[in-house]
Structure formats: C-alpha cells, structure tokens
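Visitor: just the structure for this:
(one chain, ligands or ions: 1)
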Amino acid sequence: MGVINVINPFDQSLVDTVASAEVSDCLAAVHRAHSAFATWRATAPRARAEMLRRAYELMTAEHDELARLVVRENGKVLADAKAEVTYAAEFFRWFSEEAVRIDGDYRRAPSGANWLLVSREPVGVSLLATPWNFPAAMATRKMGPALAAGCTVVLKPASDTPLAAIAICDILRRAGVPDGVVNVVVPEPPGAAVSAMLASGLVRKLSFTGSTRVGAMLLAQAAERIINCSMELGGNAPLVVFDDADLDVAVDGAMLAKMRNGGAACTAANRFFVHDKIHDRFVDAFAKRMSAMRLGDGLDPQTHVGPLISRAQQDNVATAVEGAVAGGATVVCGAKRAGDTSFGYHPTVLTDVSFDADILKREIFGPVAPMVRFTDADDIITHCNSVEHGLVSYVFTRDVGKGLRFAEALETGMIGLNRGLVSDPAAPFGGVKASGIGREGGHDGLLAFLETKYVAGNW
Ligand code: NAD
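Guide: Next up is the predicted model:
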C-alpha cells in the first residue's frame, strides 16, 4: 500500500501521511457499507438525528483544532477555515433536524378507484467524492443528508486534503454512528478505484463535487449502471454592479464573492460587469481593499489571503492574467506571484477587460478580478448567460424589482442580490448547465438521498 504525503501549500512542509487505498480496499469499503445498510435504514429517524446532533456538538467543541488542520492541509487563512468548519458543522445540525421530516403522501386516486400511497426510502450505498477547496464542508454537506436519509456511505476526499474529512468521520464514529455506516478511502490516483466502486453493482448513488471535466467522466461511468447522480461542478460567476448600486454594499459583497477562500471557490465571482457611471468609483474602492490584503501563511493572524493549492494552480492563474494583459487589460494591482516559495498569488484587479477576453471564459480559481465596463444594461444579461457554467450570479442594485427581474433572466441555480455570499445549509445549493445536477442543503439535500416508492392499493 502506497503512502500519500499531505503537504502544506504555504511552505511545502509535510503535514501528515495517509495510506493510499488500493482498489481492493475501496471495494471492501463498499461491501462494508452494503452490509451495514439494512440495519442503518431500519434505525429510527430520531436515533439517526441524535447521532448527527452529537456530531454537530463534537465538531463545535473541536472547532479550532479542525480549522487549524484545514489551514495546514489546504492553505486557506484561519478566518476562512473557521468559517468553513462552522458551516460544515451546521450541515450536521440542519440534517439532524431534517432526519425526522422524511414525509410521504396518502391520497385517493382522482378516479376514485384506489388509494395512492407514497413513501420515501433511502437510495442505498452512496459514494461521495469531494474536492480540496472545502475539505470539511463538502464532506458534511454530503454525509449529513445521506446519513439522515438512512444511506450508508463511502467518502472519497481529494488526496491533497484528506485530513479534515478523516477527522470528521472519526467524529461521526464518536457520535455513535455504527461501524460500516461511514467509510473513508483515499485512493491515489483515484480513477481506477472510483470506476471499480461504480462498477461494483452495490453503489446506488454518486454524489460528486469537483470539476466539470471529472464530473462529466463519472456521469458517463454511472450511466452504465444507471446510478442516481448529484453533481456539484464548476462555476464562472458574473458579478453585476448597476449604476444605482449602493457603493459600499457592492464593494463589501464583491470582496466576499471574490476573496472567500482566496478565490478558490466554485462560487467565486469570476467576471465583473460594472456600469460605466459607477465603474471608476467601484474599481478605486475595490482595488484599495484588494491591494491592502496581506498574502502569507494562513495560520498567521495578520494574513488575509493564503497560497493557492499547488504550483500548477499558481501557473494557471498567472497564465490567465498574462493572457488578459496581452489582450489589452490594465493591471490596477497585483498580477504577481508571492515573493517566497509558497504557491501564493497577489490579489489582482484588472480593468479594460473586453467582453470576449479568454479570462472570462474559464474558472480562474484564484484572487483575480477582471473588470468589464458596460453601458447597455439590456445587453449585460446576454453576457452573463454566455458561458457554459450556471452556478451563481451576483447582482448589486438599489432597485430590488429590477434585481429580481434580472435574477429571473439569469441562467444560474443561485443568485446573490446585494450580497456576496449565498451558501447556507438551509438553502438549496447547486447549479444549472455545466455546473451540475441536483441540489445540496435545505430539504432538497435530503431528497437527493431518497427514492420515492408508490403503492396503488385498495384496502
Ligand atoms: P477535481 O474534479 O479534480 O476533483 C474532485 C474529486 O474527484 C476529488 O476527490 C478527486 O480526487 C476526484 N477525481 C479526480 N480525478 C478523478 C478521476 N479521474 N476519476 C475519479 N475521481 C477523480 O476537482 P478539484 O480540483 O478537487 O476541485 C475544484 C473544482 O471543484 C472546481 O471546478 C470547483 O468549481 C468545483 N467545486 C464545485 C463546488 C460546487 O458545489 N458546485 C464546490 C466546490 C468545488
């Protein structure tokens, strides 16, 4: 069995090692989940709820320790890691409350000939694959509803950041979740192991969060066995500032939408469309905030933005910026790598970006804000909707009616209206188009792990 070195992206120091799971280990985990399913689905919803509640309480008690682990394996700043762990724990609290709200339906058929009885059952063994950018929250956003619904799980975290996920599985064990219900495997490389689990005939649900490229590949594999899929994929969020926006609200919202997690978020604002009449004031205020951000070690309380996850990601961000500048963009601040050996990149604001610039067509996944000036408000909706992704959009205007009409026309699963953050365990999170299929969080998050069964009967 190989060993995975988990590296701190700030100084490349070794944080810990994890055994790399072989294909046979992953299949054994699927079998354990399969054996545990019958008992877990029959466990009283209240009992499942109370275990999730205890897991929430343990996570809350161990909050700071977990947050520091997230910083060390992922590089994000401590404030972001603390916010992530709070957010992550909230999924256990929310789904502990949802576990006892699995409803059904009982009605007379319209013809009067019989009765319609509808119930909901756990879908079965669920394979949950998560990315490196939110190592704690993506694990709980899937495990919370799966366990609440009565499913057993195999969690496959990203091998760059497996430690928080492993720690959270241990919390679930200490909260009383029986052996076999939660299994965690870290195969590296992941491809063959994930394929084997999907082909095992025992996995009934794939819940994946990650890139659109890998998501599409796994959907094709899942199709061979008609496996129920939920897909949370990439984003390319537009952020629109209308001329009637409250400048302070727009700048605060833009900072949050761009810089949460140092820009490494699927929800990160990627394309800034700013009305000509407010453009210069907005850019001045926003760039002042961006250039005041200190880049460095996420554990240092003076740091506002941590490194990117890897040298490859640092290269991607640098290439995107160089391409934009070659195409005529002006650098207002940043546009350079960290001066140390970390994978950092300075918070960057670019203006004079044209509507067709390449940087607007890709998920930057770093602290770079390309600004496009616009005058025609009717035209801007077409630009917002012109990309393959459709996860989230941000709109800033004092005219709420206009904002809501705009929201109606946007082809994204979520909209932040005068707000730079949409994530909430009680809300349905997810995208349309190439950003995914299905929703996580809210009641929809629970439904994703339930099958509907219908009995037509007379009694
Ligand atoms: P990724 O697609 O490379 O990896 C995601 C997961 O898939 C990881 O567990 C990884 O090990 C696994 N994986 C990678 N290659 C695989 C293969 N060939 N076969 C099977 N599994 C494989 O994504 P990432 O780089 O870890 O994460 C960044 C991406 O995730 C971005 O595109 C981001 O937008 C997206 N994301 C989306 C959401 C959302 O909710 N929509 C949330 C966070 C991140």
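Visitor: can you pull the pLDDT of the residue in the chain that the ligand sits nearest to?
Guide: The ligand sits closest to Gly210 of the chain, with a gap of 2.5 Å, by Cβ to the nearest ligand atom. Where you see a C-beta, it was placed from the backbone N, CA and C, and this is true even at glycine. For Gly210, the pLDDT comes out at 98.
Visitor: measure the nearest residue to it once chain neighbours are set aside to Ala377 for me?
Guide: Leaving aside its sequence neighbours, Gly210 sits nearest to Pro131 (Cβ to Cβ, 6 or more residues apart in numbering; 4.6 Å). Relative to Ala377, Pro131 is positioned 35 Å away (Cβ to Cβ, to the nearest Å).
Visitor: can you name the residues of the chain that neighbour the ligand?
Guide: 129-134, 138, 156, 158-159, 190-191, 194, 209-211, 214, 218, 232-235, 266, 363, 391, 431, 436 (Cβ under 6 Å from any ligand atom).
Visitor: and the gap between Gly438 and Val154?
Guide: According to Cβ to Cβ, Gly438 and Val154 sit 19 Å apart.
Visitor: re the thing from before, give me the more crowded residue out of Pro131 and Ala377.
Guide: A direct count of neighbours by other Cβ atoms under 10 Å for Pro131 and Ala377 places Pro131 higher, at 22 against 15.
Visitor: ok, the more buried one - contacts?
Guide: Pro131 makes contact with Met138, Ala158, Thr209, Gly210, Ser211, according to Cβ atoms under 8 Å, 6 or more residues apart in numbering.
Visitor: report the secondary structure state of Tyr454.
Guide: Recorded secondary structure, Tyr454: strand (DSSP: H, G, I helix; E, B strand; the rest coil).
Visitor: how about it, nearest residue that isn't a chain neighbour?
Guide: Closest to Tyr454 by Cβ to Cβ, 6+ apart is Val118, at 5.1 Å.
Visitor: that neighbour in helix, strand or coil?
Guide: Following three-state DSSP, we place Val118 in the strand state.
Visitor: same thing with the one 10 residues further on?
Guide: Three states are possible here, and by three-state DSSP the one that applies to Leu128 is strand.
Visitor: check which helices and strands the lowest-mean-pLDDT helix or strand in the chain sits against.
Guide: Using mean pLDDT, DSSP states H and E, the weakest-scoring helix or strand in the chain turns out to be helix 377-384, at a mean of 95. If you count contacts as 3 or more Cβ pairs under 8 Å, 6 or more residues apart in numbering; DSSP states H and E, helix 377-384 packs onto strand 237-241, strand 269-275, strand 368-374.
Visitor: hmm, Asp297 is touching His304, no?
Guide: No. Asp297 is beyond contact range of His304, at 11.5 Å (criterion: Cβ atoms under 8 Å).
Visitor: what's next to stretch 274-293, contact-wise?
Guide: Residues contacting stretch 274-293 (Cβ under 8 Å, 6+ apart): 240-243, 245, 247-248, 250-251, 254-255, 259, 304-305, 332-334, 347-349, 351, 367, 369, 371-375, 377.
Visitor: and those residues, which of them are buried?
Guide: In terms of neighbour count (16 or more other Cβ atoms under 10 Å), the buried residues within the contacts of stretch 274-293 are 240-243, 245, 250-251, 254-255, 259, 304-305, 332-334, 347-349, 351, 367, 369, 371-374.
Visitor: SS state for Cys266?
Guide: coil.
Visitor: that one: how many residues sit nearby?
Guide: With other Cβ under 10 Å as criterion, Cys266 counts 29.
Visitor: Arg174 now?
Guide: Counted by other Cβ under 10 Å, the residues lying close to Arg174 total 12.
Visitor: so which residues of the stretch 301-450 of the chain form strands?
Guide: Assigned by DSSP state E, counting those that start in this stretch, the strands in the stretch 301-450 of the chain fall at 330-333, 348-351, 368-374, 389-390, 392-396, 414-417, 432-433, 436-437, 450-457.
Visitor: sketch out the helices for the stretch 301-450 of the chain, chain order is fine.
Guide: Here the stretch 301-450 of the chain has its helices, by DSSP state H, counting those that start in this stretch, at 311-326, 377-384, 400-409, 442-447.
Visitor: now the angle between strand 368-374 and the longest one, please.
Guide: Same thing as helix 311-326. Calculated by axes from the mean of the first three to the mean of the last three Cα atoms, to 10 degrees, helix 311-326 forms an angle of 30 degrees with strand 368-374.
Visitor: show me the chain divided up by domain.
Guide: 2-233+435-457, 237-424 (automatic domain parsing).
Visitor: hey, where'd the strands end up in the stretch 101-250 of the chain?
Guide: All strands of the stretch 101-250 of the chain, identified by DSSP E, counting those that start in this stretch, fall at 105-108, 115-122, 126-129, 153-156, 182-184, 205-209, 228-232, 237-241.
Visitor: the shortest one: partners in the sheet, and parallel or antiparallel?
Guide: When you say that, I think you mean strand 182-184. Using DSSP bridges, strand 182-184 pairs in its sheet with strand 153-156 (parallel).
Visitor: CA-only coordinates of the strand it pairs with in PDB, if you can.
Guide: This file holds the C-alpha atoms of strand 153-156, laid out as PDB (Å, rounded to 0.1, in the frame of the first residue of the first chain):
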ATOM      1  CA  VAL A 153     -21.600   6.000   2.700                       C
ATOM      2  CA  VAL A 154     -18.100   5.700   1.200                       C
ATOM      3  CA  LEU A 155     -16.400   9.100   1.400                       C
ATOM      4  CA  LYS A 156     -13.600   9.700  -1.100                       C
END
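Visitor: now that strand: how far from the chain's centre is it?
Guide: Here strand 153-156 shows a centroid-to-chain-centroid distance of 16 Å under the convention Cα atoms, centre = their mean, to the nearest Å.
Visitor: again with stretch 405-420
Guide: 18 Å.
Visitor: which secondary structure elements does the helix or strand encompassing Ala55 contact?
Guide: Per DSSP states H and E, Ala55 falls inside helix 45-61. If you count contacts as 3+ Cβ pairs under 8 Å, 6+ apart, helix 45-61 packs onto helix 78-98, helix 137-149, helix 163-174.
Visitor: okay if I get these as CSV plus mean pLDDT?
Guide: CSV is the format used below for the helices and strands packed on helix 45-61 (pLDDT from 0 to 100):
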stretch, mean pLDDT
helix 78-98, 98
helix 137-149, 99
helix 163-174, 98
